[in-house]
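Asker: The following block contains a protein sequence and its predicted model.
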Amino acid sequence: MTSLKQYKYSWLIIAIILYFSLFTIPKTELDEVTNIDKLVHICMYGSLCTVIWIEYLRSHTRLNWKKALVGATLLPILLSGIIELLQEYATTNRSGDWEDMIANSIGALAAIATTLFRSRLMPKEENP
């Protein structure tokens, strides 16, 4: 229950990503823009990972890089892979696309840059 309170905005973004990933999205004029879906994927996962980083940094006095990298970068990338598999094998209206997962990963990795400045101001965690 603590992670729900600590990471409430991250969970909200995850729910939104799941919704947009598993249900049919209405057609728009933007569909005609080449690779617009890849840009959307980069923005979704970049936003998710940035929010996870911010919520992590707000709730911890010391930065544990291992925990932060796993929770804010690797888990969202794993989530994107699972979603692509679900799109391919559990839906009839969507198809999995590994290029989408690559775009998701680019967004997740780009989020690291947005938090480096803030994390430099935090004391490093001492190893026991």
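Answerer: Alright, I've got the coordinates.

Asker: Identify the residues contacting the helix or strand where Ala108 lies?
Answerer: Assigned by DSSP states H and E, Ala108 belongs to helix 98-120. With contact meaning C-beta atoms under 8 Å, 6 or more residues apart in numbering, helix 98-120 is reached by 37-39, 41-50, 52-54, 57, 63, 68-69, 72-73, 76-77, 80-81, 84. Yep, even glycine has a C-beta here, placed from its N, CA and C like the rest.

Asker: pLDDT weak spots in the chain?
Answerer: For the chain, the stretches with pLDDT under 70 are 1, 117-128.

Asker: can we see that at 50?
Answerer: Residues of the chain that meet the criterion pLDDT under 50 lie in 128.

Asker: how about the helices in it?
Answerer: 2-6, 8-22, 36-59, 65-69, 75-89, 98-120 (DSSP state H).

Asker: rewinding a little: out of the contacts of helix 98-120, which are buried?
Answerer: 37-38, 41-42, 44-50, 52-54, 57, 63, 68, 72-73, 76-77, 80-81, 84 (16 or more other C-beta atoms under 10 Å).

Asker: which residues does Tyr45 contact?
Answerer: 17, 76-77, 80, 103-108, 111.

Asker: quick revisit: can you put the helices of the chain in CSV and add distance to Glu29?
Answerer: Below are the helices of the chain laid out as CSV (distance: least, C-beta to C-beta, whole Å):
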stretch, distance to Glu29
helix 2-6, 38
helix 8-22, 18
helix 36-59, 10
helix 65-69, 38
helix 75-89, 24
helix 98-120, 21
